[in-house]
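>>> Structure for this input, please:
(chains A, B, C and D)
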Protein chains: 2
Amino acid sequence: MTASDRPAAPARRRPTILDVAERAGVSKSLVSLALRDDPGVGARTRERILRVAEEIGYRPDVLARALRERRTMRLGVALTSLDNPYHTEVVGAVEEAAETAGLSVLLAHGNRTGGQLKERIDALLDLNLDGIVVISSWADPAMLQAASRRAHVVMIGRSLEPVEGIDSVNNDDEAGAALAVGHLAARGHTRILHVTSSVRPAGLARRRGYEDAMRAHGLGPHTRVLTRERDGSLDPALGDALAEGYDAVFARNDVEASDVLDHAWDHGIGVPAQLAVVGYDDSMLARRARPRLTSVHQPRTAMGARAVEMLTERIGGRTEDRHDVLSPHLVVRESAPDA
Amino acid sequence: MTASDRPAAPARRRPTILDVAERAGVSKSLVSLALRDDPGVGARTRERILRVAEEIGYRPDVLARALRERRTMRLGVALTSLDNPYHTEVVGAVEEAAETAGLSVLLAHGNRTGGQLKERIDALLDLNLDGIVVISSWADPAMLQAASRRAHVVMIGRSLEPVEGIDSVNNDDEAGAALAVGHLAARGHTRILHVTSSVRPAGLARRRGYEDAMRAHGLGPHTRVLTRERDGSLDPALGDALAEGYDAVFARNDVEASDVLDHAWDHGIGVPAQLAVVGYDDSMLARRARPRLTSVHQPRTAMGARAVEMLTERIGGRTEDRHDVLSPHLVVRESAPDA
DNA sequence: ACGAGCATCTGGAACGTTCCAGATCGCGGT
DNA sequence: ACCGCGATCTGGAACGTTCCAGATGCTCGT
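A predicted model of the protein is given here:
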């Protein structure tokens, strides 16, 4: 080999199982067995094979392996977008759980509107994954159903309705909303506004929880929901509400709550003195917000772990559907401190 | 088929190219050609093949395809952690660029310390990807070098030194730091503190840029760097500096800057009245911070696009190394408004 | 009427694995 | 000396694709 024919970066052919076999003087089959710790391989031979494999830097080709087995040991995670920190935190939880289960995780995410979700899921399905986790309130039943014909699917969060053949893990959105309203009511607030922009299932559930809780606290008449366009301004609707004496907000999530804080900031409204704010998700946004956000915490670590567990159970053959609902709890911070 | 043997979710065997061939009454080869739009396929036959494929829901098996070709049309992105929003924003940029290039992207990320980065990269390499993008200041040359023997690698951000065989895209950290210092100096600040916690290349470059700029503005004697432990508290070092008359901070990144804002918030220090703060990255954190952060913007969209471009060039056969450095610019917000 | 030349199509081999059905070997028991 | 049997190993087929070298059949010019 002369200097000039030194190949470009990804250099010489990757060694295959045959290279190992030849160099070790055995058959490819035996190498395969040895590498997978099959008991029926002689101790001395096994050792030699492993040594040779090590020497020439052999690593099994996962593609070929997956082609032959019907199992890829890989999980996909599909989500609409990475720009709500809560989502990336859930992804982290899933990955951690998957790792301890010996599975590796691939991520696919779209832009912020649900538009690309289907394409993302399709892309994951094309990879022959063993299962996929969908984290997106944009997922619709038909889409999930279609996906479930090609892989096991579990949904983190809430879809419109339970979909046959698809497991789900969720937090109890109604209960979470009740926690928020209860906390604000305990502080003495009566005019509690709900801010949302979502017409998707989780948002609707939280809204329902809000409405029920308001009634339960005898505040039914003050029930008021500010629904804005996605990315739409809070002005002037929020200003109107405040002018009418609303002095507390329960927001659909931390992003929405942060937007309320923005409004307060820009209009010189004191939080929590003039306006108390409670968010949902307890994401990094809540910790970073000023004032720090009181927020409903979703047990994301447990949810991620449960999702992976459900997937492995499915892979293992479970066929009955499972829908777990975990309990949220409230994390109290500056934007709505204890009474 | 009776009701009882209805299979579990991922139901019947996935159709293969042979199924299409049989049903269309042609050979598998012709199906292969037709699906890939080969010109040498009769119009009528092509149409029939496509229709049949559609009918039975055939989708090529990417695994098998990749096994046969030496090309997977997939890119990997490895990064240390997703919890700095700036990172997820760069990932978004890479994905966008990859998508328009017809490549799909897989993500692998570790925990926040660089520890797992090597494992992540290995996991990606095992997937036979065409190339991988590394976004992490933890990447060390040896690790990158090793990876580059198995796939094309491009680094977004700065590694210790240019690594042979590896392209890189970066922003000019020194220039960015100079922008920040220049802006603060123009506001009349003289005692400008640099807050950092990083001993990795990008952090060091920004620090160097800070020191040089201080000298250039005749503020050399006031140069002062507060280096804290990762996640360590800013107290009491920051308090000391403020007591000594420091009234401006240039932080290594937005996370660090947010921590400075935290300190100010908790100690009742007015920003920018008593303390001006400039961050780096112009991430979501800067927009969400209160007061909103003035920050050095890295051209992440361009950087992501360039990285993908470099990878496709490498795949196409380029062998000379390329190291691009893009210019940052300053985004002025409330934490350090214009003079 | 016939071969050339083109358009269209086909069968096998290959990619790197795993699995299955055996082959081979050595050894103890009769 | 021979059989049986476990321990150890092997060759071929299969997974679903692409590519190559050719086969087939049609049209056209002479």
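>>> where does the stretch 1-150 of chain A dip in pLDDT?
In the predicted model of the stretch 1-150 of chain A, residues A:1-12, A:110-115 satisfy pLDDT under 70.
>>> Tell me the residues of it that contact chain B?
Applying Cβ under 8 Å from any Cβ of the partner chain, we find that the stretch 1-150 of chain A lies next to chain B at A:8-11, A:14, A:59, A:61-64, A:66-67, A:72, A:82-83, A:85, A:88-89, A:91-92, A:95, A:104-109, A:123, A:126-128, A:148-150. From N, CA and C alone the C-beta is placed, and that goes for glycine too.
>>> If we use 7 Å, what do you get?
Residues of the stretch 1-150 of chain A lying close to chain B (Cβ under 7 Å from any Cβ of the partner chain) are A:8-11, A:59, A:61-64, A:66-67, A:82-83, A:85, A:88, A:91-92, A:104, A:106-107, A:123, A:126-128, A:148-150.
>>> just checking, which of the residues you listed belong to strands?
A:104, A:106, A:107 (DSSP state E).
>>> Produce a ChimeraX select command limited to the buried residues of those residues.
Those of those that count as buried under 16 or more other Cβ atoms under 10 Å in any protein chain shown are selected in ChimeraX with:
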select /A:104,106,107
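>>> Now do residue A:99: how many residues are near it, please.
When neighbours are counted by other Cβ atoms under 10 Å in any protein chain shown, residue A:99 registers 16.
>>> ok, now residue A:239?
The number of residues packed near residue A:239 is 13, by other Cβ under 10 Å.
>>> quick one: what helix or strand has it in it?
Using DSSP states H and E, the secondary-structure element containing residue A:239 is helix A:237-243.
>>> May I have that helix exported as PDB, CA atoms only?
Below are the C-alpha coordinates for helix A:237-243, written out as PDB (Å, rounded to 0.1, in the frame of the first residue of the first chain):
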ATOM      1  CA  ALA A 237     -57.900  39.300  27.200                       C
ATOM      2  CA  LEU A 238     -55.700  38.800  30.200                       C
ATOM      3  CA  GLY A 239     -55.700  42.600  30.900                       C
ATOM      4  CA  ASP A 240     -59.500  42.500  30.800                       C
ATOM      5  CA  ALA A 241     -59.700  39.700  33.300                       C
ATOM      6  CA  LEU A 242     -57.300  41.300  35.600                       C
ATOM      7  CA  ALA A 243     -59.200  44.500  35.400                       C
END
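>>> so what secondary structure elements neighbour that helix?
Other helices and strands packing on helix A:237-243, by 3 or more Cβ pairs under 7 Å, 6 or more residues apart in numbering or on different chains; DSSP states H and E, are strand A:224-227.
>>> give me that answer again for 10 Å
Packing contacts for helix A:237-243, counted by 3 or more Cβ pairs under 10 Å, 6 or more residues apart in numbering or on different chains; DSSP states H and E, involve strand A:192-196, strand A:224-227, strand A:248-251, helix A:254-266.
>>> rewinding a little: export the ones in strands among the residues of the stretch 1-150 of chain A next to chain B to CSV and tack on distance to DNA strand C?
Shown next, in CSV, are those (distance: Cβ to the nearest atom of the strand, whole Å):
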residue, distance to DNA strand C
A:104, 16
A:106, 20
A:107, 26
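>>> rewinding a little: tell me which of the helices and strands packed on helix A:237-243 is the most buried.
Mean neighbours per residue, mean count of other Cβ atoms under 10 Å in any protein chain shown, is largest over those for strand A:248-251, with a mean of 30.
>>> from the residues of the stretch 1-150 of chain A next to chain B, which would you call buried?
By 16+ other Cβ under 10 Å, the residues of the stretch 1-150 of chain A next to chain B give A:9-10, A:61-64, A:66-67, A:82-83, A:85, A:88, A:91-92, A:104, A:106-107, A:123, A:126-128, A:148, A:150 as buried.
>>> what comes up buried for stretch A:183-200?
For stretch A:183-200, the neighbour count (16+ other Cβ under 10 Å) marks A:183-185, A:187, A:189-198, A:200 as buried.
>>> And for stretch A:94-106?
By 16+ other Cβ under 10 Å, the buried positions in stretch A:94-106 come out as A:94, A:95, A:96, A:97, A:98, A:99, A:103, A:104, A:105, A:106.
>>> these two touch, right, the last one and residue A:132?
Yes - the pair formed by residue A:106 and residue A:132 meets the contact definition of Cβ atoms under 10 Å, at 9.1 Å.
>>> Not counting its neighbours along the chain, what's nearest residue A:40?
Distances taken as Cβ to Cβ, 6 or more residues apart in numbering or on different chains put residue A:33 closest to residue A:40, at 6.9 Å, once the chain neighbours are dropped.
>>> sorry, back to before: which one among the buried residues of stretch A:183-200 gets closest to DNA strand D?
Nearest to DNA strand D among these: residue A:200, at 35.0 Å, using Cβ to the nearest atom of the strand.
>>> Tell me who's in contact with that closest one.
With contact set as Cβ atoms under 10 Å, 6 or more residues apart in numbering or on different chains, residue A:200 has these partners: A:114, A:136, A:137, A:138, A:139, A:140, A:157, A:158, A:159, A:160, A:252.
>>> Quickly note the distance from it to residue B:45.
Counting by Cβ to Cβ, to the nearest Å, the gap from residue A:200 to residue B:45 is 45 Å.
>>> before we move on, the earlier item: got any residues that touch both of residue A:106 and residue A:132?
Both residue A:106 and residue A:132 are contacted by A:74, A:75, A:76, A:77, A:78, A:124, under the criterion Cβ under 10 Å, 6+ apart.
>>> how about the strands in chain A?
Counting by DSSP E, chain A has strands at residues A:74-79, A:104-109, A:131-135, A:152-156, A:167-171, A:192-196, A:224-227, A:248-251, A:276-281, A:294-297, A:323-326, A:329-331.
>>> would JSON lines of those with distance to DNA strand D be doable?
Converted to JSON lines, these look like this (distance: least, Cβ to the nearest atom of the strand, whole Å):
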{"stretch": "strand A:74-79", "distance to DNA strand D": "17"}
{"stretch": "strand A:104-109", "distance to DNA strand D": "20"}
{"stretch": "strand A:131-135", "distance to DNA strand D": "19"}
{"stretch": "strand A:152-156", "distance to DNA strand D": "18"}
{"stretch": "strand A:167-171", "distance to DNA strand D": "26"}
{"stretch": "strand A:192-196", "distance to DNA strand D": "45"}
{"stretch": "strand A:224-227", "distance to DNA strand D": "46"}
{"stretch": "strand A:248-251", "distance to DNA strand D": "48"}
{"stretch": "strand A:276-281", "distance to DNA strand D": "41"}
{"stretch": "strand A:294-297", "distance to DNA strand D": "45"}
{"stretch": "strand A:323-326", "distance to DNA strand D": "32"}
{"stretch": "strand A:329-331", "distance to DNA strand D": "47"}
